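> Generate a structure from the sequence data that follows.
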Amino acid sequence: MSQILLIGSCEPFSGKSALVLGISKKLLEQGKKIRVGKPLATCIELTNLPSMTYEGLIDDDVKFIGTTLNLQEENLIPSVGLLDNISAEKRISNKDLSPGKGFEQIEALVNDDFDGLNILEAAGSLNEGMIYGLSLPQLAKHLNAKVLIVNLWEDSKSVDALLDAKKQLGDHFAGAILNAVIPEEVEKIKNKIIPSLQEMNIKVFGVMPKSPLLRSVTVRELIRRLDAKVICCPEKEQLLVETLSIGAMGVNSAMEFFRRRRNMAVVTGAERTDIQLAALEASTQCLILTGLGEPLLQLIHRAEELEVPILKVDLDTLASVEIIEQAFGHVRIHESIKASYAVQLVQEHVNLKNILETIDFPCNFSNKC
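The predicted structure is shown next:
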């Protein structure tokens with residue numbers, strides 16, 4: 001069997017795809033061969049399913065990585081199942097929690113004379129996929145593969161998740177990457193936390209700082225989640241929103257507040273034209289208008305001049321804000337600017353040499369790569 005590295009996490013949207021991108025890019029630059037895939041597809045356009053047998057099913061994240069890295073189609077490993085509510089309900093109803101031919105299919109895809117590294121991204125958490133018999137611990141055991149965990153870091157209590165991962169994975173646990181660390185905390189974690197973790201036999205291969213860019217969401221995604229009407233500039237739907245501001249104060253206070261923000265979505269009542277015009281003069285990526293009424297033509301013309309989309313929603317301001325806040329950090333890396341930055345973060349903050357040595361994959365990299 002050719003070599004396998006499983007990339008997992010303790011919770012969804014922890015940065016697995018970013019890590020796959022960064023590792024894959026570096027290996028390709030060094031002339032190594034790679035294949036990428038997801039045993040269970042979690043991100044797929046349902047209308048494009050090849051068949052209910054999932055034969056040839058390529059996860060959308062895998063497709064994006066393949067396109068970004070110019071991988072040949074044969075280096076994109078198909079998924080053997082789709083993690084969705086319909087198939088999960090069917091399995092529960094049939095009392096069928098076995099992998100069926102899943103393991104055989106995965107082995108057939110990676111058990112050949114390929115002289116490179118198969119990088120497989122697991123589902124969102126350690127337990128996700130158990131209904132299919134394809135959870136991360138089950139995959140690691142059956143494939144006899146090492147697992148690299150990407151762990152979101154909030155504070156020292158985040159170590160709980162790593163200890164649980166190590167317990168569940170046993171000898172298959174290779175180590176961890178700490179992700180989304182507040183930049184000011186990086187050195188403290190390196191100097192105080194990591195040495196203690198290493199004494200607990202938890203290898204840490206990198207500490208990646210929190211990135212507003214990677215947590216950002218496109219205007220298009222906000223349109224979808226809010227079911228919004230686009231008043232102007234529909235061609236700017238790919239603009240990235242990094243922060244959220246609520247225009248509920250006086251215009252003078254709003255202008256001062258907006259100047260301190262970057263790449264905002266501004267949510268305000270449709271009647272607050274003064275706030276809306278002030279927002280357009282700041283770093284605003286889109287205006288989201290709530291409540292009754294329609295925007296004035298003066299506002300629309302100014303937004304068109306500055307190429308700032310205006311969205312109109314039927315929701316109130318509070319409901320709109322809740323939906324937008326839920327979107328930050330919970331979207332896929334499917335934009336080229338995010339992909340480039342993810343690769344940069346991984347290559348600057350992750351010790352790939354140590355990872356490859358741990359999984360016994362030959363490399364001749366420098367100490368930090």
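
> list the contacts for residue 333?
17, 18, 21, 61, 64, 214, 339, 342 (CB atoms under 8 Å, 6 or more residues apart in numbering). Bear in mind the C-beta positions are built from the backbone N, C-alpha and C, glycine included.

> and of those, the nearest to residue 133?
Of all the contacts of residue 333, the one sitting nearest residue 133 is residue 61; the distance, using CB to CB, is 21.7 Å.

> thinking the closest one is in contact with residue 17, fair?
Yes: between residue 61 and residue 17 a contact is recorded at 5.0 Å, counting by CB atoms under 8 Å.

> Show me how to select, in PyMOL, the buried members of the contacts of residue 333.
To isolate the buried members of these in PyMOL, using 16 or more other CB atoms under 10 Å:
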select buried, resi 17+18+21+61+64+214+339+342
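
> out of the contacts of residue 333, who's nearest residue 195?
Proximity of these to residue 195 was ranked by CB to CB; the top entry is residue 18 with 25.5 Å.

> is it true that that closest one lies in a strand?
No: under the criterion used here (DSSP: H, G, I helix; E, B strand; the rest coil), residue 18 is helix, not part of a strand.

> State the pLDDT value of the closest residue to it other than its chain neighbours.
Using CB to CB, 6 or more residues apart in numbering and skipping the chain neighbours, the partner closest in space to residue 18 is residue 342 (3.7 Å). With respect to pLDDT, residue 342 has a value of 94.

> element containing residue 342?
Element membership for residue 342, per DSSP states H and E: helix 336-349.

> With only the CA atoms kept, save the next helix or strand after that helix in CSV.
Helices and strands here follow DSSP H and E; after helix 336-349, the next one along the chain is helix 352-358. These are the backbone C-alpha positions of helix 352-358, laid out as CSV (Å, rounded to 0.1, in the frame of the first residue of the first chain):
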residue,chain,number,x,y,z
LEU,A,352,6.6,20.0,7.2
LYS,A,353,9.9,18.2,7.5
ASN,A,354,9.0,17.0,11.0
ILE,A,355,5.6,15.8,9.8
LEU,A,356,7.0,13.8,7.0
GLU,A,357,9.7,12.3,9.2
THR,A,358,7.0,11.2,11.6
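
> Can you name every helix or strand that helix 352-358 contacts?
With contacts defined as 3 or more CB pairs under 8 Å, 6 or more residues apart in numbering; DSSP states H and E, helix 352-358 has these neighbours: helix 16-29, strand 173-181, strand 204-209.

> ok, 10 Å please
Under the contact definition 3 or more CB pairs under 10 Å, 6 or more residues apart in numbering; DSSP states H and E, helix 352-358 sits against strand 3-9, helix 16-29, strand 146-152, strand 173-181, strand 204-209.

> Give the residues shared as contacts by residue 61 and residue 17.
The overlap between the contact sets of residue 61 and residue 17 (CB atoms under 10 Å, 6 or more residues apart in numbering) consists of 36, 38, 43, 121, 332, 333, 334.

> Of these, select the buried ones using a ChimeraX command.
Those of the shared contacts of residue 61 and residue 17 that count as buried under 16+ other CB under 10 Å are selected in ChimeraX with:
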select :36,38,121,333,334
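
> Among the shared contacts of residue 61 and residue 17, which has the minimum pLDDT value?
By the confidence score, residue 43 is the least certain of these, showing 76.

> And what about that one, helix, strand or coil?
Recorded secondary structure, residue 43: coil (three-state DSSP).

> Against residue 115, how distant is it?
Computed as CB to CB, to the nearest Å, the residue 43 to residue 115 distance reads 29 Å.

> same thing with residue 340?
Residue 340 sits 28 Å away from residue 115 when distances are taken as CB to CB.

> which of those two has more neighbours?
Between residue 340 and residue 115, counting by other CB atoms under 10 Å, residue 340 is the more crowded of the two (14 against 10).

> Just the strands from the stretch 101-250 of the chain, written as ranges.
With strands called from DSSP state E, counting those that start in this stretch, the stretch 101-250 of the chain shows them at 117-121, 146-152, 173-181, 204-209, 217-218, 229-232, 240-241, 243-247.

> Which of those strands sits closest to residue 362?
Ranking these by their distance to residue 362 (criterion: CB to CB) puts strand 117-121 first, at 9.9 Å.

> For that closest one, which helices and strands make contact with it?
Checking 3+ CB pairs under 10 Å, 6+ apart, strand 117-121 ends up next to strand 3-9, helix 16-29, strand 34-37, helix 60-69, strand 76-77, helix 102-110, helix 136-143, strand 146-152.

> contacts for the very next helix or strand once past the fifth one?
As assigned by DSSP H and E, the chain's next helix or strand after strand 76-77 is strand 81-82. Judged by CB under 10 Å, 6+ apart, the contacts made with strand 81-82 from elsewhere in the structure are 38-42, 44, 46, 49, 52-54, 57, 59, 87-88, 91, 99-100, 102, 105, 129, 131-134.

> Quick one: buried ones out of the residues you listed?
Buried members of the contacts of strand 81-82, counted by 16+ other CB under 10 Å: 38-42, 44, 54, 57, 59, 91, 99, 102, 105, 129, 131-134.
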